[in-house]
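1. Please find the sequence and the predicted model below.
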Amino acid sequence: MDAAAHEYLEEHRLVELMQSLTAQLVFHRPENPRAFLIEHVEKLKSARDAGGAGEAGAVPTLFDAGNATALFKTMDPTGKGYISREQYRTAMKTLYVNEFNDEPDGYVENRITLETFQRESADAVAKAESNFAEPL
C-alpha cells in the first residue's frame with residue numbers, strides 16, 4: 001500500500017471502523033446485514049454527536065465490564081489482584097485498541113488493579129469506537 005493510501009486510512013480511522021463493523025456483524029449475525037450496518041453507523045454518529053454523554057452518547061460496543069474482568073483474570077492467572085504494565089499493554093492490544101492510557105494508575109509500581117483495567121479498557125474501547133476524524 002502506498003504512503004498516501006496508508007495516511008488516508010489512518011487519518012479517517014477507517015481500519016478501526018471496519019474492524020468494529022465486522023466484529024458487530026460476526027457477533028450479532030443479523031438477518032439483514034446491510035440494515036444492521038446502517039443502524040450501527042447511525043448509533044455511532046449519535047454517540048459521537050452527543051459527546052459520549054447520557055444514553056444518546058452511549059457508544060455501541062461488544063466489550064463490557066464482564067469482558068474486562070475475564071481478560072484481566074487471563075492476565076492474572078494466580079489471582080494476585082494486579083497485572084504488570086506489560087500485561088496491561090498486551091491486554092489493550094488484544095482489544096485492538098491503538099490509543100490507550102499508557103500510564104494508568106499503578107503503572108509505576110507495576111501493579112494495575114482490576115478496577116483500573118476495567119476503567120481504562122472501557123475508555124479505550126469507547127474512544128476507538130466513537131472518535132472518528134470526520135463525521136460519518
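-> In hand now; what should we look at?
2. quick one: the strands in the protein?
-> Under the criterion DSSP state E, the chain contains strands at 82-83, 112-113.
3. Quick one: residues in contact with the last one.
-> Put plainly, it is strand 112-113. 81-85, 87-88, 104-106 (CB atoms under 8 Å, 6 or more residues apart in numbering). Where C-beta positions appear, they are placed from N, C-alpha and C, glycine not excepted.
4. quick one: which of those is nearest Glu42?
-> Of all those, Glu42 sits closest to Pro104, with 32.4 Å by CB to CB.
5. The closest one and Pro30: what is the separation?
-> Plainly put, Pro104 is 35 Å away from Pro30 if you go by CB to CB, to the nearest Å.
6. export the strands of the chain to TSV and tack on mean neighbour count?
-> Shown next, in TSV, are the strands of the chain (neighbours: other CB atoms under 10 Å):
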stretch	mean neighbour count
strand 82-83	22
strand 112-113	20
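7. Can I get the ones you listed in a markdown table including distance to Arg13 and mean pLDDT?
-> As requested, the strands of the chain are exported to a markdown table (distance: least, CB to CB, whole Å; pLDDT from 0 to 100):
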| stretch | distance to Arg13 | mean pLDDT |
| --- | --- | --- |
| strand 82-83 | 28 | 97 |
| strand 112-113 | 26 | 97 |
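8. Distance to Leu21 added to those strands, as TSV?
-> TSV is the format used below for those (distance: least, CB to CB, whole Å):
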stretch	distance to Leu21
strand 82-83	30
strand 112-113	30
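9. closest one to Ala126 among these?
-> Closest among those, once you apply CB to CB, is strand 112-113, at 18.7 Å.
10. How far off centre is that closest one?
-> 19 Å (CA atoms, centre = their mean, to the nearest Å).
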